[in-house]
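Trainee: Give the three-dimensional model of this entry:
(one chain, ligands or ions: 2)
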Amino acid sequence: MEATIEVTKTAHFDAQNSAMIGFETWSGESENNGSIVRSNGLKKTYDTGRTKVEALKGVSISIKKGEMVAIMGPSGCGKTTLLNTLSGLDSITEGDVMVDGVSLNQLSDNEKTDIRAKKMGFIFQFYNLLPVLEAVENVELPLLLSGVKPKEARKRAEQMLALVGLKGMEHQRPAELSGGQRQRVTIARALVNNPAIVWGDEPTGDLDSNTSQEIMDLLCRLNRENNQTFVIVTHDLNVAKRAHRIITMRNGRVHEELPPGVLPTMEFLEGSMENQ
Ligand SMILES: Nc1ncnc2c1ncn2[C@@H]1O[C@H](COP(=O)(O)OP(=O)(O)O)[C@@H](O)[C@H]1O
Ligand SMILES: [Mg+2]
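Mentor: Ligands and ions are numbered 1, 2, ... in the order given. Just a heads-up that it's a prediction; the model follows:
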């Protein structure tokens, strides 16, 4: 992928449906202690009518521009909810999230969509590729929607696919690709616009360990070279150990912030400590 950064004025489309991402780099971190994403007492309660689930019970974290942070914890502890609320995909019940110095509480849904479109990339399993489109068409779609000329969009999509190891497969449709290859297309699509923040929810979950390692090499390189910020939920210790920092969660709260080189135990991740 080219390291150049393009600037576009408008990119109004729905990131929920299309995992679109944006062009602009981020500037205002200086007045925010260097943090690009920060939450303060973040709470999220799901109210399904009959029951209430307190998925986040007061999470305060700070992520610096250019950091690669892994979020780990037992199933159901609130990791996906944390990514969804930090990125503005889902509403906040209490507390606040600041993204590049802007409080998400003060933004309309359209403004949040706009921030996501311009500044965020999503590598989420539920962001399905469009089945009727070829791999290269899936990857170039966010560029076309942002007004990049078709020829340029095709060139950048092809470069991105080559970068994730899919050279020669540009014209396959998702059904003609393996799970791992599809996930690489999703990653290419999430990163083609050079977003400032990349959110990953188990981005290597469907990949074998070699492919997973290659994808992590790629994400780490982008993090280093483009100073992109990565926040990655993962169960995989091999993925997490590549991060600058690991934040563990337990039962809707931050459990620990682990320094580099320190990994959580399998007992913790499998939740077998919960009953102790
Ligand atoms: N849309 C939802 N409606 C109701 N409860 C939810 C919803 N999404 C998640 N939850 C609940 O919130 C808690 C945290 O879920 P989640 O953030 O998905 O955890 P994790 O990603 O760590 O497995 C769980 O108890 C889960 O059942
Ligand atoms: Mg989850």
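
Trainee: Make sure residue 87 is actually in contact with residue 117.
Mentor: No - applying CB atoms under 8 Å as the test, residue 87 and residue 117 come out as separate, 11.5 Å apart. In short, each C-beta sits where N, CA and C put it, glycine included.

Trainee: show me what contacts the residue lying closest to residue 135 once chain neighbours are set aside?
Mentor: Using CB to CB, 6 or more residues apart in numbering and skipping the chain neighbours, the partner closest in space to residue 135 is residue 185 (4.9 Å). By CB atoms under 8 Å, 6 or more residues apart in numbering, the residues touching residue 185 are 129, 135, 138-139, 161, 164, 166, 174, 177.

Trainee: Can you redo those as TSV, where the extra columns are secondary structure and neighbour count?
Mentor: Shown next, in TSV, are the contacts of residue 185 (DSSP: H, G, I helix; E, B strand; the rest coil; neighbours: other CB atoms under 10 Å):
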residue	secondary structure	neighbour count
129	coil	22
135	helix	27
138	helix	26
139	helix	31
161	helix	25
164	coil	24
166	coil	22
174	helix	18
177	coil	17
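
Trainee: before we move on, back to that, assign the residue nearest to residue 135 to helix, strand or coil.
Mentor: Three-state assignment for residue 185 (DSSP: H, G, I helix; E, B strand; the rest coil): helix.

Trainee: Quick check: it vs ligand 1, distance?
Mentor: Using CB to the nearest ligand atom, to the nearest Å, one gets 23 Å for the distance from residue 185 to ligand 1.

Trainee: Let me know the pLDDT of that residue.
Mentor: pLDDT for residue 185: 93.

Trainee: Let me see the ranges of the helices in this protein.
Mentor: 15-18, 79-86, 109-119, 135-145, 150-163, 179-191, 209-226, 237-240, 266-269 (DSSP state H).

Trainee: Redo those helices as JSON lines? Include distance to ligand 2.
Mentor: Below are these laid out as JSON lines (distance: least, CB to the ion, whole Å):
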{"stretch": "helix 15-18", "distance to ligand 2": "16"}
{"stretch": "helix 79-86", "distance to ligand 2": "3"}
{"stretch": "helix 109-119", "distance to ligand 2": "19"}
{"stretch": "helix 135-145", "distance to ligand 2": "24"}
{"stretch": "helix 150-163", "distance to ligand 2": "26"}
{"stretch": "helix 179-191", "distance to ligand 2": "16"}
{"stretch": "helix 209-226", "distance to ligand 2": "17"}
{"stretch": "helix 237-240", "distance to ligand 2": "14"}
{"stretch": "helix 266-269", "distance to ligand 2": "13"}
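
Trainee: can you put those helices in JSON lines and add distance to residue 260?
Mentor: Shown next, in JSON lines, are these (distance: least, CB to CB, whole Å):
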{"stretch": "helix 15-18", "distance to residue 260": "31"}
{"stretch": "helix 79-86", "distance to residue 260": "20"}
{"stretch": "helix 109-119", "distance to residue 260": "26"}
{"stretch": "helix 135-145", "distance to residue 260": "33"}
{"stretch": "helix 150-163", "distance to residue 260": "26"}
{"stretch": "helix 179-191", "distance to residue 260": "24"}
{"stretch": "helix 209-226", "distance to residue 260": "13"}
{"stretch": "helix 237-240", "distance to residue 260": "11"}
{"stretch": "helix 266-269", "distance to residue 260": "18"}
